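[1] how would this look folded up:
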Amino acid sequence: MDLATLSAFIAIAETGSFSTAGERLFLTQPAVSKRIASLESQLGVRLFDRLGREVSLTEAGRALLPRAYQILAVLDDTRRALTNLTGEVTGRLTLATSHHIGLHRLPPLLRAFTRAYPQVALDIQFLDSEVAYEEILHGRAELAVITLAPEPHSLVRAVPVWNDPLDFVAAPEHPLASNGPISLADVARHPAVFPGGNTFTHGIVQRLFQAQGLTPNIGMSTNYMETIKMMVSIGLAWSVLPRTMLDNQVVRIPLPGIQLNRQLGYILHTERTLSNAARAFMTLLDQQI
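    Prediction:
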């Protein structure tokens, strides 16, 4: 069993395809198949069921997967620990972030970081915040700057950096944009466009309605805040957006006594040795608090 073979195993498990795994690893499909055949021979078990084009983990494969992650994580951790001894801020920093934060919060920090540490190769992955949690847990990203979960995983350290107020918004000509008194019940009767149901932001808004025994009329959903803003601005629906995105295209819906907030910040795995590059970037983030 070697690291290259384990990497091939993980790539197939994650993609569900030998050919796609080969593309990720810059290998031909026969080369990937050969590695898996060798691994199965060494372990004496079948790791994947191949039914036509469908590839799925066997029971043995499911048992091996978390251990394969752990083996590669220990190796990466060892490399970082040894590299850190030099004190130099170099190497690769894999940073996961949401599209919204990447566009509206990180540019000044990324500019300062790249100027201060030109020897660091930044690998920035734009992901939904919920997906970024999995990337941190599985060791595929070293640091993630995202919308923080209400209850983080026990192996995740979450550090709040920005308080992000959320406002109910509509197009200027929308009925909800009138100057008269508006209640949450009034809002619930109109079509809405929401972040996807699996997102932390969706949960924040949904809990507000549930607390008042209401159900929002969700006609559409998307995880991209810029897309939500566009659909709101043309009058298709109301929504909830970060206050930092408000301009003359949308207006706040006046809801006295209601203020939603979410926390933006960074997360890391508590059992992972951080590179000097990650620590340097965390210092920049901590300066924003």
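[2] May I see the buried residues of stretch 58-69?
    61, 64, 65, 68, 69 (16 or more other Cβ atoms under 10 Å). (Glycine included, C-beta is placed from N, CA and C.)
[3] ok, now stretch 33-47?
    Across stretch 33-47, burial judged by 16+ other Cβ under 10 Å covers 33, 35, 36, 39, 40, 47.
[4] just stretch 2-12 next, same as before
    By neighbour count on 16+ other Cβ under 10 Å, the buried set for stretch 2-12 is 5, 6, 7, 8, 9, 10, 11, 12.
[5] Domain boundaries for this protein, per the record?
    3-70, 82-162+264-286, 164-262 (automatic domain parsing).
[6] To residue 76, which of these lies closest?
    domain 82-162+264-286 (6.6 Å; Cβ to Cβ).
[7] So for the closest one, first residue to last residue, what's the gap.
    Start-to-end span of domain 82-162+264-286 (Cα to Cα, to the nearest Å) is 25 Å.
[8] let's number from 27 now, not from 1
    Yes, from this point I'll number from 27; that puts the last item at domain 108-188+290-312.
[9] Which one of the buried residues of stretch 28-38 is nearest to residue 262?
    For the buried residues of stretch 28-38, the minimum distance to residue 262 (Cβ to Cβ) is 40.2 Å, reached by residue 37.
[10] Wait, the closest one touches residue 44, no?
    No: if you go by Cβ atoms under 8 Å, residue 37 and residue 44 don't touch, sitting 9.1 Å apart.
[11] overlap in contacts of the two?
    By Cβ atoms under 8 Å, 6 or more residues apart in numbering, residue 37 and residue 44 have these common neighbours: residue 58.
[12] coming back round to it: could the buried residues of stretch 59-73 go into JSON lines alongside secondary structure and distance to residue 261?
    Below are the buried residues of stretch 59-73 laid out as JSON lines (DSSP: H, G, I helix; E, B strand; the rest coil; distance: Cβ to Cβ, whole Å):
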{"residue": "59", "secondary structure": "helix", "distance to residue 261": "54"}
{"residue": "61", "secondary structure": "helix", "distance to residue 261": "55"}
{"residue": "62", "secondary structure": "helix", "distance to residue 261": "53"}
{"residue": "65", "secondary structure": "helix", "distance to residue 261": "57"}
{"residue": "66", "secondary structure": "helix", "distance to residue 261": "58"}
{"residue": "73", "secondary structure": "coil", "distance to residue 261": "53"}
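[13] can the residues you listed go into a markdown table with extra columns for pLDDT and distance to residue 262?
    Shown next, in a markdown table, are the buried residues of stretch 59-73 (pLDDT from 0 to 100; distance: Cβ to Cβ, whole Å):
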| residue | pLDDT | distance to residue 262 |
| --- | --- | --- |
| 59 | 94 | 48 |
| 61 | 95 | 50 |
| 62 | 96 | 48 |
| 65 | 95 | 51 |
| 66 | 95 | 52 |
| 73 | 96 | 48 |
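[14] average pLDDT for the longest strand belonging to the chain?
    If you go by DSSP state E, the chain has its longest strand at strand 182-196. Across strand 182-196, the average pLDDT comes to 97.
[15] Longest helix in the protein, please.
    helix 85-110 (DSSP state H).
[16] which is the next helix or strand following that one?
    strand 117-123 (DSSP states H and E).
[17] how about that next one: buried residues?
    117, 119, 120, 121, 122, 123.
[18] Check the nearest residue to the second one once chain neighbours are set aside and give its pLDDT.
    Same thing as residue 119. Closest residue in space to residue 119, ignoring its immediate chain neighbours: residue 303 at 4.1 Å, by Cβ to Cβ, 6 or more residues apart in numbering. As predicted, residue 303 sits at a pLDDT of 96.
[19] Go ahead and list the helix or strand containing residue 303.
    With DSSP H and E as criterion, residue 303 is part of helix 302-312.
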